[in-house]
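Asker: 3D, please:
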Amino acid sequence: MTIADTTERPATRDDERIPLTRWLAVVAMAVGTFALVTVESLPVGLLPFIGESLDVSEGTAGLMVTVPGLVASVTAPLFPVVIGRLDRRAALIGLITLMVLANGLSAAAPDFVVLLGSRFLVGISIGGFWALAAGLAVRLVPERSVPRAVSLVFGGATAANVLGVPAGTLIGGLADWRTAFVAAGALGLLVLVALLFLLPPLPAQQVVQLRTLPRQFRNPVVRAGVLSTFLLVGGHFAAFTFVSPILRTTAGIGEGAIGPLLLGFGVAGILGNFLAAAASERNVRTTILTVSVLLTAILAVFPFAGRTPVGGALLLMGWGLAFGGVPVAVQTWILKAAPDSTEAATALNTSVYNLAIALGALFGAIVATRLTLNGVLITGAVFTLLTSLAVRSARRS
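Answerer: Predicted coordinates:
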């Protein structure tokens, strides 16, 4: 038994009162996405510490972001197919448990090979959880509250992308990088307890089959939304994976100030998430275009206008504000375009999201290793600039 209602009922426009436990369950899933995405991108702020500790280069250490991203991109579309009619509550609880165990392995890893193995397990938990969470959140609330529920779940992811990394960086600086993974695992335990008590049974409503996934590309808006996800997220992570060394070498910011600045980046990102959610209710397509233009401009001018501590700090805040609006805006666009295939469309978008993280980080590592750190900023700007073409392709739809 759970504290939440034990029998799920369909949400309708006529619902006037939502049980508090339903909203608490949505919040628990939002914290779950925060924990998982934090774990995925946690090495971003710890690359120097991990590289020094395990005697690998920063470019090689960047594989800790690439591996879970690639695994999650495969897991996301396959997981709903594999679990079939399994209760989604049990699936989410199992995925969070796997994340906790993987973080314990990361903290105890004696060498880089074992560490990469633990990151493989993290990728499975991320891909599966992401594929289900957004679609399940909308089942817990009335239709009129769906945008708010989606923004909460993606707010957790946005907060992780822009707040979890600096928090991990601070912990790594104050203690060591292994302690940061222990802290992430402890957060996962809290999420596990919350889901056990708050999440009601969620029987499968849609049995996703492999052939239903490519069908989503027939929808021009879903197709454009997925492509937008790839370009925006890939461009962001091509640069953001190396944000710590960029701040040190390009902007001349001391190592002790990077953690607090990334926390400011996080606050800006959270604000961007909720601003984009509100703007998306009016015109989601324009919101995506605005975010892509702003992100492109910031990445493009950073190598030139970010050469001082003040300039670098200001551009970093703008970067967080812009990227904070990406997940909720694109996912809202996709959910509106595929109301009868939310689980399949979300799984597809999740797959591409994580593939973009992996390939963006990998491409950034190649550019950083063979060219310059500033080259990853220009690379990211090129990716995000192309988003406007993807959005325009779906204009008639």
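Asker: show me where the stretch 251-397 of the chain has its helices.
Answerer: 255-305, 309-324, 326-337, 342-370, 373-385, 387-393 (DSSP state H, counting those that start in this stretch).
Asker: the fourth one packs against which elements?
Answerer: Meaning helix 342-370. Where contact means 3 or more C-beta pairs under 8 Å, 6 or more residues apart in numbering; DSSP states H and E, helix 342-370 is packed against helix 20-41, helix 58-61, helix 63-83, helix 112-137, helix 212-215, helix 220-240, helix 326-337, helix 373-385. Where you see a C-beta, it was placed from the backbone N, CA and C, and this is true even at glycine.
Asker: now the angle from the fourth one to helix 63-83?
Answerer: What that stands for is helix 112-137. Relative orientation of helix 112-137 versus helix 63-83 (axes from the mean of the first three to the mean of the last three C-alpha atoms, to 10 degrees): 50 degrees.
Asker: how far does helix 112-137 sit from the chain's center?
Answerer: On the basis of C-alpha atoms, centre = their mean, to the nearest Å, helix 112-137 sits 11 Å off its chain's mean C-alpha point.
Asker: between helix 342-370 and that helix, find me the angle.
Answerer: Going by the same axes, to 10 degrees, helix 112-137 makes 150 degrees with helix 342-370.
Asker: show me where the stretch 251-397 of the chain dips below the pLDDT cut-off.
Answerer: Within the stretch 251-397 of the chain, the ranges that satisfy pLDDT under 70 run 337-343, 393-397.
Asker: for Ala175, give me phi and psi.
Answerer: Ala175 adopts backbone torsions of phi -120, psi -100, taken as degrees, to the nearest 10.
Asker: what do you get for Thr250?
Answerer: According to degrees, to the nearest 10, Thr250 has phi -80, psi -50.
Asker: got a list of what it touches?
Answerer: Counting by C-beta atoms under 8 Å, 6 or more residues apart in numbering, Thr250 touches 302-303, 306-307, 312, 373-374.
Asker: repeat for Gly364
Answerer: Gly364 makes contact with 62, 237-239, 241-242, 376, 379-380, according to C-beta under 8 Å, 6+ apart.
Asker: again, only using 7 Å
Answerer: Gly364 is in contact with 237-239, 241-242, 376, 379, counting by C-beta atoms under 7 Å, 6 or more residues apart in numbering.
Asker: chain neighbours aside, what residue packs nearest to Ser73?
Answerer: Leaving aside its sequence neighbours, Ser73 sits nearest to Leu355 (C-beta to C-beta, 6 or more residues apart in numbering; 3.5 Å).
Asker: show me what contacts the one you found?
Answerer: Per C-beta under 7 Å, 6+ apart, neighbours of Leu355: 69-70, 73, 230.
Asker: now do Ala313
Answerer: With contact set as C-beta under 7 Å, 6+ apart, Ala313 has these partners: Leu261.
Asker: roughly how far apart are it and Gly324?
Answerer: Here the distance between Ala313 and Gly324 works out to 17 Å (C-beta to C-beta, to the nearest Å).
Asker: so, low pLDDT: which residues of the stretch 1-150 of the chain?
Answerer: 1-18, 58-59, 134-135, 137-138, 141-147, 150.
Asker: can you classify the closest residue to Ala28 other than its chain neighbours by secondary structure?
Answerer: Leaving aside its sequence neighbours, Ala28 sits nearest to Ala194 (C-beta to C-beta, 6+ apart; 4.0 Å). Secondary structure, DSSP: H, G, I helix; E, B strand; the rest coil: Ala194 is helix.
Asker: same deal with Leu86?
Answerer: coil.
Asker: quick check: it vs Val26, distance?
Answerer: With distances taken as C-beta to C-beta, Leu86 is found 21 Å from Val26.
Asker: higher neighbour count, the two?
Answerer: Using other C-beta atoms under 10 Å as the criterion, Leu86 and Val26 rank with Val26 on top: 27 against 13.
Asker: make sure that one is actually in contact with Gly155.
Answerer: No: between Val26 and Gly155 there is no contact under C-beta atoms under 7 Å: 10.5 Å.
Asker: just to revisit the earlier point, mind checking which of the helices and strands packed on helix 342-370 is nearest Gly320?
Answerer: Evaluated over these, closeness to Gly320 peaks at helix 220-240, with 9.7 Å, by C-beta to C-beta.
Asker: helices and strands around that closest one, which ones?
Answerer: Counting contacts by 3 or more C-beta pairs under 7 Å, 6 or more residues apart in numbering; DSSP states H and E, helix 220-240 is packed against helix 255-305, helix 326-337, helix 342-370, helix 373-385, helix 387-393.
Asker: I'd like to know which of these lies nearest to Phe112.
Answerer: Closest to Phe112 of those is helix 342-370 (C-beta to C-beta; 14.5 Å).
Asker: could I get the CA-only coordinates of stretch 273-287 as PDB?
Answerer: This file holds the C-alpha atoms of stretch 273-287, laid out as PDB (Å, rounded to 0.1, in the frame of the first residue of the first chain):
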ATOM      1  CA  ASN A 273      12.600  26.800 -17.200                       C
ATOM      2  CA  PHE A 274       9.600  28.400 -15.700                       C
ATOM      3  CA  LEU A 275       9.700  31.500 -18.000                       C
ATOM      4  CA  ALA A 276       9.800  29.100 -21.000                       C
ATOM      5  CA  ALA A 277       6.900  27.100 -19.500                       C
ATOM      6  CA  ALA A 278       4.700  30.200 -19.200                       C
ATOM      7  CA  ALA A 279       5.700  31.400 -22.700                       C
ATOM      8  CA  SER A 280       5.000  28.000 -24.200                       C
ATOM      9  CA  GLU A 281       1.400  28.200 -23.100                       C
ATOM     10  CA  ARG A 282       1.000  31.100 -25.400                       C
ATOM     11  CA  ASN A 283       3.300  30.100 -28.400                       C
ATOM     12  CA  VAL A 284       5.600  27.200 -27.900                       C
ATOM     13  CA  ARG A 285       7.100  27.400 -31.400                       C
ATOM     14  CA  THR A 286       8.200  31.000 -30.900                       C
ATOM     15  CA  THR A 287       9.600  30.100 -27.500                       C
END
